[in-house]
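*Asks:* Make a model of this:
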Amino acid sequence: MLIIGLTGGIASGKSTISKLLKRMGAKIIDADIEAKAVTKPNTPAWEELVKRFGEEILRVDGSIDRRKLGNIVFGDDEKLNTLNNIVHPRAIERIEGKILKFKTGNKYKVIVLDAPLLIETNMVDLVDEVWLVAVDQQTQINRLMDRDNFTKEQAKARLQAQMPLEDKKKVADEIIDNTGSRRQTREQILSLWQNKVGELN
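*Replies:* Below you'll find the predicted structure:
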């Protein structure tokens, strides 16, 4: 069994690659989904978040509005650390449990942990290899402006708040260049899959 940690900066196209790997037969563990699970209404993490940041972070149905919360903590290291300390340990615990379950079941050859903050949260220890999705900064800015209606300044600020791509490259075992066409990206993934998963047969 091979456990891959799939990561990349904001608007790098990581989700698209995760879907490709799923179609090839990998079992995906999505760190964002696990983080949402531990912050459902009336969970301990939800209660802590509401206590720390106020009821203005809630939607009408009581769920947390992640965009509102993100805007509150963005640019404020103390608030961001508070958020991370509440959510990350609980999410990582769920992820560890899922990895153990899938390893024990021995049903899958490949598990992919899809995690934007794989390196920053020290989840690298949970995986065998780190695959980094990389695009140039201008591509990220353009995608953020198109996808999230950010201004150029807002997009640049989001990028500057992240761990630099060059630092992530130092940790990565494989780098997937996602600046080209979908076909080019798919060919890279197919080649990696054949090389890595073929060795497991």
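
*Asks:* Strands of the chain, residue ranges please.
*Replies:* 2-8, 27-30, 110-114, 129-134, 174-177 (DSSP state E).

*Asks:* Would you mind splitting this structure into its domains for me?
*Replies:* 1-26+108-201, 35-105 (automatic domain parsing).

*Asks:* before we move on, back to that, redo the strands of the chain as TSV? Include distance to Leu192, mean neighbour count and mean pLDDT.
*Replies:* (Glycine included, C-beta is placed from N, CA and C.) Listed next are those as TSV, based on distance: least, C-beta to C-beta, whole Å; neighbours: other C-beta atoms under 10 Å; pLDDT from 0 to 100:
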stretch	distance to Leu192	mean neighbour count	mean pLDDT
strand 2-8	9	24	96
strand 27-30	16	19	97
strand 110-114	11	23	97
strand 129-134	7	22	97
strand 174-177	6	16	96
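
*Asks:* wait, which of the ones you listed is closest to Thr151?
*Replies:* The closest of these to Thr151 is strand 2-8. By C-beta to C-beta, the value is 22.6 Å.

*Asks:* Check which helices and strands that closest one sits against.
*Replies:* helix 14-23, strand 110-114, strand 129-134, helix 182-198 (3 or more C-beta pairs under 8 Å, 6 or more residues apart in numbering; DSSP states H and E).

*Asks:* Within its sheet, name the partner strands of it and how each one runs.
*Replies:* According to DSSP bridges, strand 2-8 forms sheet pairs with strand 110-114 (parallel), strand 129-134 (parallel).

*Asks:* For the shortest one, give me every contacting residue.
*Replies:* Outside of strand 110-114, the residues that reach it under the criterion C-beta atoms under 8 Å, 6 or more residues apart in numbering are 1-6, 14-15, 18, 21-22, 24-32, 95, 99, 102-103, 123, 126-127, 196-197, 200.

*Asks:* go again using 7 Å as the cut-off
*Replies:* By C-beta atoms under 7 Å, 6 or more residues apart in numbering, the list of residues contacting strand 110-114 from outside reads 1-6, 14, 18, 21, 25-31, 95, 99, 102, 123, 126-127, 197.

*Asks:* my read: Ile10 touches Arg158, true?
*Replies:* Yes: judged on C-beta atoms under 7 Å, Ile10 makes contact with Arg158 at a distance of 5.8 Å.
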